[in-house]
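Engineer: how would this look folded up:
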Amino acid sequence: MILRERFHVDKMSSAHVYLRMHKGQTIDDISEGVLEDCAQLVKANSIQGNKVNNIDVVYTPWANLKKTPSMDVGQVGFHNSKMVRTVRVEKRLNDVVNRLNRTKVERKPDLKAEREAVNAVERAERKQQLRDKKRREEMERLEKERQAELRSYKGLMVAENMTSNKQIASASKSLQELEEDFM
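Structural biologist: Residues are numbered from 1 along each chain as shown. Presented below is the predicted three-dimensional model:
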């Protein structure tokens, strides 16, 4: 699953920056440099935030955003406030903003196709995990059956392993020799 973090100037109108995270990364794995870049972008693209210093930029996982019908356009809340982080931006750093603007690439992705591709990969992973689990369970079941077979007497009391009195009498050994072998 691809995680997305959302950045926004706290308590002011501003642009939103969404950061795609690699699989396995968490909100706490974001490097200081990337945090600074995202915070500077949000500040630079905020009408109010761009004019003042010492602003807070809040960021949280996209899934933590909460939108209710009673909220204004652009306004969101959070499901869990413990998942919200804040970074302080002292002032706009033009060299950072200019560097980001120079390297900016605009694309119009097919979001539906990307979502379907991600879903297909996740389904394949779940199927593989399920197959692995079933294979492990089958191996465990077979091992339990094998252990139960080893502990049982079924294999010992088989007709071909048994000797009848007639077979003993017809054998070349005497009864006394057989008793000695037994002892």
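
Engineer: And for P61, the neighbour number?
Structural biologist: Other residues near P61 come to 19 when the count uses other CB atoms under 10 Å. For the C-beta atoms, the positions are set from N, CA and C on the backbone; glycine is no exception.

Engineer: swap that for V9, please
Structural biologist: V9: 24 surrounding residues under other CB under 10 Å.

Engineer: Find the residue closest to it in space, skipping its chain neighbours.
Structural biologist: G49 (4.1 Å; CB to CB, 6 or more residues apart in numbering).

Engineer: what residues are up against the one you found?
Structural biologist: 9, 12, 14, 42-43, 55 (CB atoms under 8 Å, 6 or more residues apart in numbering).

Engineer: Nearest spatial neighbour of Q75, chain-adjacent residues omitted?
Structural biologist: Q75 sits nearest to K67 (CB to CB, 6+ apart), 7.9 Å away.

Engineer: How about V57?
Structural biologist: Nearest one to V57, counting by CB to CB, 6+ apart, is A39 at 4.3 Å.

Engineer: Work out for me the element the one you found sits within.
Structural biologist: Assigned by DSSP states H and E, A39 belongs to helix 32-44.

Engineer: ok, now R131?
Structural biologist: Using DSSP H and E, R131 falls within helix 111-151.

Engineer: same thing with D72?
Structural biologist: Going by DSSP H and E, D72 is not part of any helix or strand.

Engineer: Can you read off the pLDDT for it?
Structural biologist: At D72, the pLDDT value in this model is 80.

Engineer: let's have the chain start at 476 instead
Structural biologist: Shifting the count to begin at 476 puts that one at D547.

Engineer: Now do it against R563, distance only.
Structural biologist: For D547, the distance to R563 (CB to CB, to the nearest Å) stands at 26 Å.

Engineer: Tell me which of those two has more neighbours.
Structural biologist: Taking neighbours as other CB under 10 Å, D547 and R563 compare with R563 leading, 10 against 6.

Engineer: Just confirm the more buried one contacts N529, I think it does.
Structural biologist: Yes: if you go by CB atoms under 8 Å, R563 and N529 touch, sitting 6.9 Å apart.

Engineer: Mean confidence (pLDDT) on the helix holding A514, please.
Structural biologist: Regarding helix 507-519, the rounded mean pLDDT is 90.
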